[in-house]
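**Q** I'll drop the sequence and a predicted model, then ask my questions.
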Amino acid sequence: MKADSSIFIDTNILVYSIDKDSPYHQETRDLIDKIDNRQVLACVSPQILGEFYSTITNPKKIKKPLTPNEAVEIVEGFLEADTVKKIYPTETTFTITLDLVRRYQIKALDFFDAYIVATMLDNGVRKIYTANDKDFKIFKEIEVITPLKVISTG
């Protein structure tokens with residue numbers, strides 16, 4: 001597992017990039033543009049793309065939810081983009097998740113954040129862009145970067 005220079009993109013960054021009502025819309029659009037222009041090496045996992053789809057089609061989560069067809073088209077765009085690396089859980093990801101859960105005493109839905117971190121670690125990724133830094137600050141193994149820092153880097 002060698003260190004990767006890619007930066008993992010959390011669900012909320014993707015959501016804000018298409019949600020014009022979000023206070024982070026412009027910052028996250030700027031990040032997506034940097035990814036498209038290969039200024040930022042980005043990666044996502046199937047879990048993130050699933051969460052993204054779930055959120056952008058949910059009227060309880062965003063003001064103007066997309067139709068399933070619109071959402072699938074956007075998700076497929078991320079899947080097909082050669083500027084976004086796709087990383088996947090491996091045979092050891094779940095064991096790493098359980099180690100993280102035990103080490104940090106993770107409970108309830110926070111398990112899924114631990115699974116994200118385990119997927120990152122198992123793929124050599126050590127940085128995550130997220131608007132929810134509190135969800136990931138507990139994990140000493142990774143660096144958490146918020147959207148405002150995203151814009152000041154690069």
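**A** The structure has been received and is ready for your questions. Just so we're clear, the structure is a prediction, and the values are computed from it rather than from any experiment.

**Q** contacts, neighbours, all on C-alpha from now
**A** Fine.

**Q** what comes into contact with whichever strand or helix holds residue 134?
**A** Using DSSP states H and E, residue 134 falls within helix 133-136. Contacts to helix 133-136, defined as C-alpha atoms under 8 Å, 6 or more residues apart in numbering, come from residues 110, 113, 144-146.

**Q** top of those by number of neighbours, please.
**A** Scoring the contacts of helix 133-136 on neighbours with other C-alpha atoms under 10 Å, the highest-scoring entry is residue 144 at 23 neighbours.

**Q** one step back: strands - which of the contacts of helix 133-136 land there?
**A** Within those, residues falling in strands by DSSP state E are 144-145.

**Q** need the contacts of helix 133-136 in JSON lines with distance to residue 57, can you?
**A** Below are these laid out as JSON lines (distance: C-alpha to C-alpha, whole Å):
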{"residue": "110", "distance to residue 57": "22"}
{"residue": "113", "distance to residue 57": "21"}
{"residue": "144", "distance to residue 57": "27"}
{"residue": "145", "distance to residue 57": "26"}
{"residue": "146", "distance to residue 57": "24"}
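
**Q** what is the nearest of the contacts of helix 133-136 to residue 76?
**A** Here the nearest of the contacts of helix 133-136 to residue 76, counting by C-alpha to C-alpha, is residue 113; it sits at 23.0 Å.

**Q** ok, the closest one to residue 28 distance?
**A** Counting by C-alpha to C-alpha, to the nearest Å, the gap between residue 113 and residue 28 amounts to 20 Å.

**Q** over to residue 6?
**A** Distance from residue 6 to residue 28, counting by C-alpha to C-alpha: 17 Å.

**Q** between these two, which is the more surrounded one?
**A** residue 28 (27 against 20).

**Q** once you drop chain neighbours, what's closest to the more buried one?
**A** Closest residue to residue 28 apart from its sequence neighbours, by C-alpha to C-alpha, 6 or more residues apart in numbering: residue 17 at 4.9 Å.

**Q** mind checking the SS state of the one you found?
**A** helix (DSSP: H, G, I helix; E, B strand; the rest coil).

**Q** ok, now which ones touch it?
**A** Neighbouring residues of residue 17 by C-alpha under 8 Å, 6+ apart: 24-29, 32.

**Q** could you redo the last one with a cut-off of 7 Å?
**A** The neighbours of residue 17, taking C-alpha atoms under 7 Å, 6 or more residues apart in numbering as the test, are 25, 28-29.
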